[in-house]
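Participant: kindly return the folded structure for what I paste below:
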Amino acid sequence: MISLLRRYLRKYLWETVANVVFVIAQVLLQLQVVSMTKVILNKGVKVGDVPVIVNTSVVMLLMTLAMGVSVVIASYMSSRVTACVTFDLQEDIFKKIVSLSQYDYSRFGGSTLMTRATSDVSNIQLFLLNFLRSCLLVPFVIVGLIIATAMISLGLCAILVVAFALTIAFMVLKSKQSIPPFNEYRSSLDRLNVLMREKIEGARSIRAFGRRQYETEKFDAVNRESVDVSLEADYRIYFLTPVALIIMNVAVVVIYYLGSIELQSQIVSISDLILFFQYVTYFISSLALIPFLVNTLPKVVVSVARIREVLDFEETIVNDPKTAPARCDGEITFKNVIFGYDGAKDVIADISFHAKPGTTTAFIGATGSGKSTIMYLLDRMYDPTFGEIFVDGVDVRDMDLEALRSRISFASQKTLVLQDTVYNNIAMGDETITRDDAKACCDVTMFSEVLDHLDNGLDSEMAQGGMNVSGGQKQRLSLARAIARDAEIYVFDDTFSALDLKTEAMVRKSIKERLAGRTVIMVAQKISTIRDADNIIVLEKGRIAAQGTHGELLATCPVYQEIYESQDYGQEGGEANG
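Facilitator: Residues are numbered from 1 along each chain as shown. Below is the predicted model:
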């Protein structure tokens, strides 16, 4: 935990040092104000010297004002440091998440990454703010008070030190015991978030199948489990504050008793004893901050461990550029590529093909035959288990990842629609894409028909997940985003499936004209989508069953013939509709 905080606090060293300096000033001024009580008693009240009382009171007032200024400055510095550290931490987590490959991302899961980037960071933010603002006072106060009380009475000071040591020992013990249940609580919170996300995204299906009661009971069970784990974790630290108060109050009673004895024996004066009791009061009030620190410490330890697990995660896809392609044609070559997910048998095997610039290569096959996996391998979301993938004659593993992906415009089968304007959904932060470019792309994909019904055109706000448009309209927006990029390779992973035949034919024709001379890779379930491709690759159980043109496959490939017949293209009407 300390190493992580030190890593981020180092950037704001001067602000942190300034915070510590003003905290120390605050403690020294407070101790000086308290000690001046003895001056008023001995040199003012005892001899009846009113000017001494007034002058000392004025000095105490000025010191109090100075202490107030120190508190304000220290609070500002602590807030600034905490806000900056939180910003940097969340930014680094976000950068790490977006850099994860598909495989690495799936090892964590979206829900737990969201929890770590929000809830766990909030735990650290709350701890750091209170530590810099309040808890940092405690060690300086304790050291200062021990020195001040020792100068009055070593015996009474020893009682204070023993009570403090017992309190700290008990708190540390209970804090260590609470770390495992808090770790389990964070894990249960991840499971709860996964379930919550599933139920929200699947709300329509749940209502359609009449399973609201079942899903509610299922959620309640997981929610109850999370509550029980939380209570068990909190139970371990319930006794911190009461036990600390009991120990310190017992110490106060003992100090009062022994102090009265020392007063009667004239070991200490009445002014010394009053001053000592003021120190003890200040000591106890400062010690009240420790239970809060110890209460939050186990949660922060767990949160820091979870965040470090993400930040220090060694990615399986390593960006180690060795060679840059000498040309930018978009030529693709797969040589004997084999790939299998972790712990699973090979998903694809012996995949070899060559896609030239200016041609369209299409993939078709049953669900689970490995079509999308090949697309992910091309974009280097995964690395092949065996074999080689070349883009413009260079192995993709030897290319810079950013350079590789800048050559590829990828339209995924899962349509992404951001809660933003239509223009921003198309440009995706690319300043080279003008509004005219975005409008032209909408015309190509026929999304302009949707724009005509929106109040603000390209400036119209899209709902989260594209809930204000249909599935086909979302796909047309996704296609507009893909063709808006200036790339050498365009990948369309089943992005025409929600379009009707007439719209699909018109959109495909327009896209073909716009992308003339570029390398196009398509994945589809419908033969009508790919029949005009220069090379169609038929996949069966992760292997290439055949490849060729539509006419060649129709004559020689039984798998392709079966797909063709299942889609009713053998009938006269089917050919016409295709």
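Participant: for the strand or helix carrying Tyr490, packing partners?
Facilitator: Assigning secondary structure by DSSP states H and E places Tyr490 in strand 489-493. Other elements packing on strand 489-493 under the criterion 3 or more C-beta pairs under 8 Å, 6 or more residues apart in numbering; DSSP states H and E are helix 371-378, strand 408-411, helix 471-484, strand 519-523. (Each C-beta comes from the backbone N, C-alpha and C, glycine too.)
Participant: run the chain-centre distance for the longest one.
Facilitator: Okay, so that is helix 471-484. When distances are taken as C-alpha atoms, centre = their mean, to the nearest Å, helix 471-484 is centred 28 Å away from the chain's centroid.
Participant: that helix to strand 489-493, inter-axis angle?
Facilitator: Orientation of helix 471-484 against strand 489-493 (axes from the mean of the first three to the mean of the last three C-alpha atoms, to 10 degrees) gives an angle of 170 degrees.
Participant: can you tell me what sits against helix 471-484?
Facilitator: 409-412, 415-417, 422, 425-428, 430, 433, 437-438, 441-442, 444-447, 450, 462, 466, 469, 490-492, 495-500, 503, 507, 511, 514-515 (C-beta atoms under 8 Å, 6 or more residues apart in numbering).
Participant: in it, which residues are buried?
Facilitator: Using 16 or more other C-beta atoms under 10 Å as the test for burial, helix 471-484 gives 472-484.
Participant: what does stretch 140-147 give?
Facilitator: Phe140, Val141, Ile142, Gly144, Leu145, Ile146.
Participant: what packs against the helix or strand the last one falls within?
Facilitator: Ile146 is located in helix 137-150, with elements delineated by DSSP H and E. Contact analysis of helix 137-150 by 3+ C-beta pairs under 8 Å, 6+ apart lists helix 13-39, helix 154-201, helix 270-287, helix 289-311 as its packing neighbours.
Participant: can you list those in JSON lines and add mean neighbour count, distance to Ala545 and mean pLDDT?
Facilitator: Below are those laid out as JSON lines (neighbours: other C-beta atoms under 10 Å; distance: least, C-beta to C-beta, whole Å; pLDDT from 0 to 100):
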{"stretch": "helix 13-39", "mean neighbour count": "17", "distance to Ala545": "63", "mean pLDDT": "87"}
{"stretch": "helix 154-201", "mean neighbour count": "17", "distance to Ala545": "35", "mean pLDDT": "80"}
{"stretch": "helix 270-287", "mean neighbour count": "18", "distance to Ala545": "76", "mean pLDDT": "81"}
{"stretch": "helix 289-311", "mean neighbour count": "20", "distance to Ala545": "41", "mean pLDDT": "81"}
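Participant: thinking again about what came up before, now the helix holding Ile146 against helix 13-39, angle please.
Facilitator: Using the same axes, to 10 degrees: helix 137-150 against helix 13-39 is 30 degrees.
Participant: between helix 154-201 and helix 137-150, find me the angle.
Facilitator: 170 degrees.
Participant: and the pLDDT at Gly578?
Facilitator: Listed pLDDT for Gly578 reads 36.
Participant: ditto for Phe339
Facilitator: If you check Phe339, the pLDDT there is 91.
Participant: quick one, what contacts the most centrally placed residue in the chain?
Facilitator: By C-alpha atoms, centre = their mean, the chain has its centre lying nearest to Ala117, at 2.7 Å. Contact analysis of Ala117 by C-beta under 8 Å, 6+ apart lists Gln90, Ile93, Phe94, Ile97.
Participant: tell me which of those is nearest to Gly358?
Facilitator: Set against Gly358, the nearest of those by C-beta to C-beta is Ile97 (36.7 Å).
Participant: in strands, which of the contacts of helix 471-484 fall?
Facilitator: Ser409, Phe410, Ala411, Tyr490, Val491, Phe492 (DSSP state E).
Participant: which non-adjacent residue is nearest Phe108?
Facilitator: Val310 (7.0 Å; C-beta to C-beta, 6 or more residues apart in numbering).
Participant: is it true that the one you found touches Arg116?
Facilitator: Yes - contact criterion C-beta atoms under 8 Å: Val310 and Arg116 qualify, at 5.8 Å.
Participant: so what sits against both of these two?
Facilitator: Overlap of the contact sets of Val310 and Arg116 (by C-beta under 8 Å, 6+ apart) consists of Ile93.
Participant: before we move on, which element is Leu4 in?
Facilitator: helix 2-9.
Participant: contacting residues around that helix?
Facilitator: Applying C-beta under 8 Å, 6+ apart, the contact partners of helix 2-9 are Thr16, Val81, Val85, Asp88, Leu89, Ile124, Leu128, Val304, Ile307, Arg308, Leu311.
Participant: quick one: it to helix 289-311, angle?
Facilitator: Angle between the axes of helix 2-9 and helix 289-311 is 80 degrees (criterion: the same axes, to 10 degrees).
Participant: okay, the helices and strands packed on strand 489-493 in a markdown table with distance to Asp350 and mean pLDDT next?
Facilitator: Shown next, in a markdown table, are those (distance: least, C-beta to C-beta, whole Å; pLDDT from 0 to 100):
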| stretch | distance to Asp350 | mean pLDDT |
| --- | --- | --- |
| helix 371-378 | 12 | 91 |
| strand 408-411 | 23 | 91 |
| helix 471-484 | 29 | 91 |
| strand 519-523 | 19 | 94 |
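Participant: wait, which of those is closest to Ala208?
Facilitator: Among those, helix 471-484 comes nearest to Ala208, with 16.2 Å by C-beta to C-beta.
Participant: now do the helices in the stretch 401-550 of the chain.
Facilitator: 401-406, 422-427, 435-445, 448-451, 471-484, 501-514, 527-530, 550-556 (DSSP state H, counting those that start in this stretch).
Participant: domain parsing of the chain, as residue ranges.
Facilitator: The chain breaks down by automatic domain parsing into domains covering 2-311, 330-407+488-497+515-571, 414-486.
Participant: isn't Leu89 right up against Ile307?
Facilitator: Yes - counting by C-beta under 8 Å, Leu89 touches Ile307, with 7.2 Å between them.
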